[in-house]
Structure formats: structure tokens, C-alpha cells
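Engineer: take this sequence and fold it.
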Amino acid sequence: KNHGSGSLFIKTHPKSTNLWVDAALSPEDELQQSVSVFDLKNLDKPAQVINLAKLAGIAKGRVAHPEYNKRGDEVWFSVWGPKNGESAIVVMDDKTRKLKAVIKDKRLVTPTGKFNVYNTQHDVY
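Structural biologist: Presented below is the predicted three-dimensional model:
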């Protein structure tokens, strides 16, 4: 069970033991801003819920679209801010589930389609 309703994307990688799930369509801000991380080796264990918008310093935004890098050790998320607000891409360490980087730019508005071309071409999911 996810921490919220209205998930758009779920993602894992063959080299990962995590399953990342967004809740971007949930009606509550706190839920929209967070993701659930499940341990694939122990699915009976409750998911860890991480508020990625808060980690990025964005007060109002929806977190969506986890995407792994080629190595499977980073997960990249979109934080959709409001049209006249701030958006970001958040990079998480897959193993530690800790923040690695936040990418912000005033030209970055509701980032979505940041697909890993290698993973897409080779069906790495």
C-alpha cells in the first residue's frame, strides 16, 4: 500500500532492492510532495515515506516520475512547482535513500519527460 492515492509512476532497477512510488495525484499537499520507497526483499515491511519537495526547498509542488540512471545507483525525480513558482529535479541515492543533488533553474518549469535513453532502449526496468 502506498502512502497516498493517485500514483503516476513506480520504478525499480535490476541492480536495486528498492521500489520507488510517487503519489502526485493525491489530493493532499504532503502526500503529493512525498514518495514511498519499498524494500523488494521485504515487502511486508512498511514503506519509507520521503518528502522530496521539502528536501528540494520547494513549498508547493508535486513529486513525480522516478527515473534511474544507467548504473542503477541514482533515482531522479521531477518536482512540479506552480506555473509562477519554483520546480526542480531531485537526485536520490538509491542505496542510502539520501539526497544527492537538487537541480533548479528558473527555466525548469514542471519537468517531466527526463527518460534515461539507455534504460529505455534496453528495457532496463
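
Engineer: if you count contacts, what does the worst-scoring helix or strand of the chain on mean pLDDT end up packed against?
Structural biologist: Ranked by mean pLDDT, DSSP states H and E, the weakest helix or strand in the chain is helix 117-121, scoring a mean of 85. If you count contacts as 3 or more Cβ pairs under 8 Å, 6 or more residues apart in numbering; DSSP states H and E, helix 117-121 packs onto no helix or strand. In short, each C-beta sits where N, CA and C put it, glycine included.

Engineer: burial count for His65?
Structural biologist: Look at His65: counted by other Cβ atoms under 10 Å, it has 21 neighbours.

Engineer: quick one: contacts of the least confident helix or strand of the chain?
Structural biologist: For helix 117-121, the external contacting residues (Cβ atoms under 8 Å, 6 or more residues apart in numbering) are 13, 67-68, 70, 124-125.

Engineer: switch the cut-off to 7 Å
Structural biologist: 68, 70 (Cβ atoms under 7 Å, 6 or more residues apart in numbering).

Engineer: buried stuff in that helix?
Structural biologist: Asn119 (16 or more other Cβ atoms under 10 Å).

Engineer: just stretch 39-56 next, same as before
Structural biologist: Buried, per 16+ other Cβ under 10 Å, within stretch 39-56: 47, 49-50, 52-53, 55-56.

Engineer: which residue ranges of the protein form strands?
Structural biologist: Using DSSP state E, the strands of the chain run over residues 10-11, 18-22, 34-39, 48-51, 62-68, 74-80, 88-93, 99-103.

Engineer: packing partners of the shortest one?
Structural biologist: By that I understand strand 10-11. strand 18-22, strand 62-68 (3 or more Cβ pairs under 7 Å, 6 or more residues apart in numbering; DSSP states H and E).

Engineer: that one pairs with which strands?
Structural biologist: strand 18-22 (antiparallel) (DSSP bridges).

Engineer: so how far is the strand it pairs with from its chain's centroid?
Structural biologist: 7 Å (Cα atoms, centre = their mean, to the nearest Å).

Engineer: what sits up against that strand?
Structural biologist: Residues contacting strand 18-22 (Cβ under 7 Å, 6+ apart): 2, 7-12, 35-40, 63-66, 75, 94.
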